[in-house]
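Undergrad: Here is the input, now give the coordinates:
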Amino acid sequence: MFLLIAGLILFLGIHSLPMFADKRAALEEKFGVLGYKGLFAVVSAIGFVMIIYGYGAARAEGPAILYDPPFWLRHVTMLFMIPVFIFLVAAYVPCRIKKALKHPMLVAVKMWAFSHLLTNGDLASVLLFGSFLVWAVADRISLKRRGLGGGAVMTKEPGKFSDIIVILVGLGLYVLFALKLHMLLIGVPVA
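TA: Model prediction:
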């Protein structure tokens with residue numbers, strides 16, 4: 001459990017730096033913009049690997065069960081995950097979905113975390129998904145306070161079919177993840 005908690009602190013800690021503009025600016029001044037981005041990437045990667053191994057180890061040890069969700073909530077989670085993949089794709093593509101959501105990545109993280117809290121009541125899962133949910137909510141509030149609530153400014157107008165492409169790619173990723181990748185990468189079957 002220590003590895004999971006340490007990984008969450010590293011990963012979410014470094015991802016919380018943008019919430020503190022003065023701290024981020026001080027690091028950029030000290031290391032330079034590229035140095036800061038390199039540090040951000042390295043710490044993120046280390047934290048992410050620690051989260052993966054820590055979560056797997058905690059699950060293998062059989063963490064304490066905090067609540068036992070009913071089986072039917074798995075279907076709700078699967079339903080919530082459909083827009084998660086679409087919103088993840090929308091975060092990287094100029095489209096009307098991105099414009100409407102303003103911060104589709106944060107919306108996706110919140111939906112992913114919340115939906116997984118519905119179906120996973122063990123301590124390791126509550127720590128993992130609960131931490132990401134709290135971070136995403138705090139980051140969204142921080143963006144509004146910093147005057148960035150409107151989201152990223154799109155440099156060009158969305159293409160005619162950009163939303164359709166985003167939805168199709170998102171649905172394709174969802175199907176691929178549900179059928180193969182969740183088991184391959186996470187080690188747990190979806191259903």
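Undergrad: how far away is the spatially most central residue of the chain from His103?
TA: Residue closest to the mean C-alpha point of the chain, counted by CA atoms, centre = their mean, is Val109 at 3.7 Å. Plainly put, Val109 is 9 Å away from His103 if you go by CB to CB, to the nearest Å. All C-beta spots, glycine's among them, are computed from the backbone N, C-alpha and C.
Undergrad: ditto for Leu12
TA: For Leu12, the distance to His103 equals 16 Å [CB to CB].
Undergrad: of these two, who's got more company?
TA: His103 (22 against 19; other CB atoms under 10 Å).
Undergrad: That one and Leu143 touch, don't they?
TA: Yes - counting by CB atoms under 8 Å, His103 sits close enough to Leu143 to count as a contact (6.5 Å).
Undergrad: could you give the mean pLDDT of stretch 159-170?
TA: For stretch 159-170, the mean pLDDT works out to 93.
Undergrad: Tell me which residues touch Ser125, please.
TA: For Ser125, the contacting residues are 55, 59, 63, 116-117, by CB atoms under 8 Å, 6 or more residues apart in numbering.
Undergrad: now swap in Gly13 and tell me
TA: Under the criterion of CB under 8 Å, 6+ apart, the neighbours of Gly13 are 43, 47.
Undergrad: again, only using 10 Å
TA: Counting by CB atoms under 10 Å, 6 or more residues apart in numbering, Gly13 makes contact with 43-44, 47, 135.
Undergrad: Can you add pLDDT and give those residues back as JSON lines?
TA: As requested, the contacts of Gly13 are exported to JSON lines (pLDDT from 0 to 100):
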{"residue": "Val43", "pLDDT": "97"}
{"residue": "Ser44", "pLDDT": "97"}
{"residue": "Gly47", "pLDDT": "97"}
{"residue": "Trp135", "pLDDT": "97"}
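Undergrad: shared neighbours of Val109 and His103, anything?
TA: Common contacts of Val109 and His103 (CB under 10 Å, 6+ apart): 87, 91, 136, 139-140.
Undergrad: want to try TSV for these, with pLDDT as columns?
TA: As requested, the shared contacts of Val109 and His103 are arranged in TSV below (pLDDT from 0 to 100):
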residue	pLDDT
Phe87	98
Ala91	94
Ala136	97
Asp139	94
Arg140	93
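Undergrad: Regarding the protein, what is its longest helix?
TA: helix 21-61 (DSSP state H).
Undergrad: what helices or strands is it leaning on?
TA: The helices and strands touching helix 21-61, judged by 3 or more CB pairs under 10 Å, 6 or more residues apart in numbering; DSSP states H and E, are helix 2-16, helix 123-145.
Undergrad: Can you give me the neighbour number for Pro158?
TA: If you count neighbours by other CB under 10 Å, Pro158 ends up with 16.
Undergrad: That one - that's part of a helix, no?
TA: No - using DSSP: H, G, I helix; E, B strand; the rest coil, the assignment for Pro158 is coil, not a helix.
Undergrad: Contact partners for it?
TA: Contact analysis of Pro158 by CB under 10 Å, 6+ apart lists 93-99, 166.
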